[in-house]
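A.B. asks: Next input, structure requested:
(one chain, ligands or ions: 1)
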Amino acid sequence: MGSFTSSFCSLFSLISLLLLLSNMSCEAQLSTTFYTKTCPNALTEIRNVVRRAVSAERRMAASLVRLHFHDCFVQGCDASILLDETPTIQSEKTAFPNINSARGYNVIEEAKRAVERLCPGVVSCADILTLASRDASVAVGGPSWDVKLGRKDSTTANRARANTDLPSPFADANTLISAFAVKGLNTRDMIALSGAHTLGQAQCFLFRSRIYSNGTDIDAGFASTRRRQCPQTGGDATLAPLDLVTPNSFDNNYFKNLVQRKGLLQSDQVLFTSPSTNSIVLEYSRSPSAFAADFASAMLRMGEIQPLLAPNGIVRRTCGAIN
Ligand code: HEM
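C.D. replies: Numbers count the residues shown, from 1 in each chain. Okay, here's the model as predicted:
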């Protein structure tokens, strides 16, 4: 009986071990060393492409960071935003938050071509976009972080979800908190990530109602300056900097602006006005290092929303189309 029990236990342990091992080998995981053996120079190549693009046009850093955000919030960071329209794909590029607005597609395609020359079929567009947003931050004086890699590219896009899941510039603080919470990001992450608006530009029609509101949550001098290039009718696409002080460098001026009621978008200013987010804005306005550290960790978490892992997904040969 004793020997039967011990043989049974050994068999049971063996089966458990085999099950554990088979599980481990099937469930791919993101890892910082994912391409170390299969494409050791990919990361340097991508960084060089991003550096060149940002030195040709500083705003490109902003555009790449935003492109990654708009990818991750729609069915996870799977490069779905990069897919062009086909009879079977409803491209996210033409969703309201992206059309005539999202930029940087060509830089990602250029980086893809560069890594395809080195090691064809290995590095996913989703990983390239994730790395490019980190490299873009660094290129304009922002923090760095160790990107975990191994995402696969989707074979689908979802324009409808791009329209619903990407937050509106007219949203209030609680709506913004919920929009990030459903993606697994907390209020602090949401505020740190909104700090990406230390970079880049926005179009007049997206902040017009705010600058003509005569509200108490906007500095009168700031409103009048912005009105000069954003009339009540016309000039919809005219750009203004999201951070009026230093739109081309990563710093905490965005939060200092909010404290002075000089946020450009309504969704920026509410972060200071709302009691649920006000103290974190104040903290970041006083501490550039707290903001930079939280931005880096929030970007890491954002990059890990619903990763598409092998055996699912593909590595696209070009980012705009499925193979
Ligand atoms: C909190 C909710 C957010 C809202 C409502 C929002 C909304 C917007 C809007 C309306 C624009 C201007 C678009 C245009 O004029 O065409 C913009 C630009 C930008 N957004 Fe956001 N955003 C949010 C969060 C984020 C996050 C999380 C990031 C990145 C981590 C980000 C990065 C950027 C950047 C860098 C720009 C400038 C892009 C450029 O100049 O090309 N935003 N955002």
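A.B. asks: how near is Asn98 to the ligand?
C.D. replies: Applying C-beta to the nearest ligand atom, to the nearest Å, the value for Asn98 to the ligand is 9 Å. Where C-beta positions appear, they are placed from N, C-alpha and C, glycine not excepted.
A.B. asks: That residue - how many residues pack around it?
C.D. replies: When neighbours are counted by other C-beta atoms under 10 Å, Asn98 registers 21.
A.B. asks: That one against His70, yeah?
C.D. replies: Yes: assessed by C-beta atoms under 8 Å, Asn98 is found in contact with His70 at 6.1 Å.
A.B. asks: confidence score at the residue of the chain at minimum distance from the ligand?
C.D. replies: Among all residues of the chain, Gly200 sits closest to the ligand, at 2.4 Å; criterion: C-beta to the nearest ligand atom. pLDDT recorded at Gly200 is 98.
A.B. asks: pLDDT below threshold where in this protein?
C.D. replies: Within the chain, the segments meeting pLDDT under 70 span 1-27.
A.B. asks: Show me what from it comes close to the ligand.
C.D. replies: Applying C-beta under 6 Å from any ligand atom, we find that the chain lies next to the ligand at 59, 62-63, 65-66, 69, 101, 103, 167-169, 171, 176, 193-194, 196-197, 199-203, 206, 242, 265, 267.
A.B. asks: Which ones among those residues lie within helices?
C.D. replies: Judged by DSSP state H, helices contain the following of the residues of the chain next to the ligand: 59, 62-63, 65-66, 69, 176, 193-194, 267.
A.B. asks: Spatially nearest residue to the residue nearest the centre of the chain (excluding sequence neighbours)?
C.D. replies: What sits nearest the mean C-alpha location of the chain, by C-alpha atoms, centre = their mean, is Phe69, with 2.2 Å. In space, and not counting its chain neighbours, Phe69 is closest to Met302: 6.7 Å by C-beta to C-beta, 6 or more residues apart in numbering.
A.B. asks: For the one you found, give me its contacts.
C.D. replies: By C-beta atoms under 8 Å, 6 or more residues apart in numbering, the contact list for Met302 reads 68-69, 72, 77, 183, 185, 189, 193.
A.B. asks: shared neighbours, Asn98 and His70?
C.D. replies: Both Asn98 and His70 are contacted by 81, 92, 162, 166, under the criterion C-beta under 8 Å, 6+ apart.
A.B. asks: Check the gap between the second one and Leu185 for me.
C.D. replies: Pointing back at Glu92 there. To Leu185, Glu92 is 20 Å away according to C-beta to C-beta, to the nearest Å.
A.B. asks: neighbour count winner among those two?
C.D. replies: The neighbour comparison of Glu92 against Leu185 (other C-beta under 10 Å) goes to Glu92, with 27 against 20.
A.B. asks: Sticking with the closest residue in space to the more buried one that isn't next to it in sequence, tell me its helix or strand.
C.D. replies: In space, and not counting its chain neighbours, Glu92 is closest to Ala162: 4.3 Å by C-beta to C-beta, 6+ apart. Using DSSP states H and E, Ala162 sits within helix 159-165.
A.B. asks: in that helix, what counts as buried?
C.D. replies: Judged by neighbour count (16 or more other C-beta atoms under 10 Å), helix 159-165 contains these buried residues: 159, 162, 165.
A.B. asks: Check stretch 282-299 too.
C.D. replies: Applying 16+ other C-beta under 10 Å to stretch 282-299 flags 283-285, 288, 291-292, 294-296, 298-299 as buried.
A.B. asks: of all those, which two lie farthest apart?
C.D. replies: Pairwise distances across those peak at 19.7 Å for Ser285 and Met299 (criterion: C-beta to C-beta).
A.B. asks: can you give me the helices for the stretch 151-300 of the chain?
C.D. replies: With helices called from DSSP state H, counting those that start in this stretch, the stretch 151-300 of the chain shows them at 159-165, 173-181, 187-194, 208-211, 220-229, 253-259, 266-273, 278-286, 288-302.
A.B. asks: Show the secondary-structure elements that the fifth one is packed against.
C.D. replies: With contacts defined as 3 or more C-beta pairs under 8 Å, 6 or more residues apart in numbering; DSSP states H and E, the secondary structure elements packing on helix 220-229 are helix 208-211.
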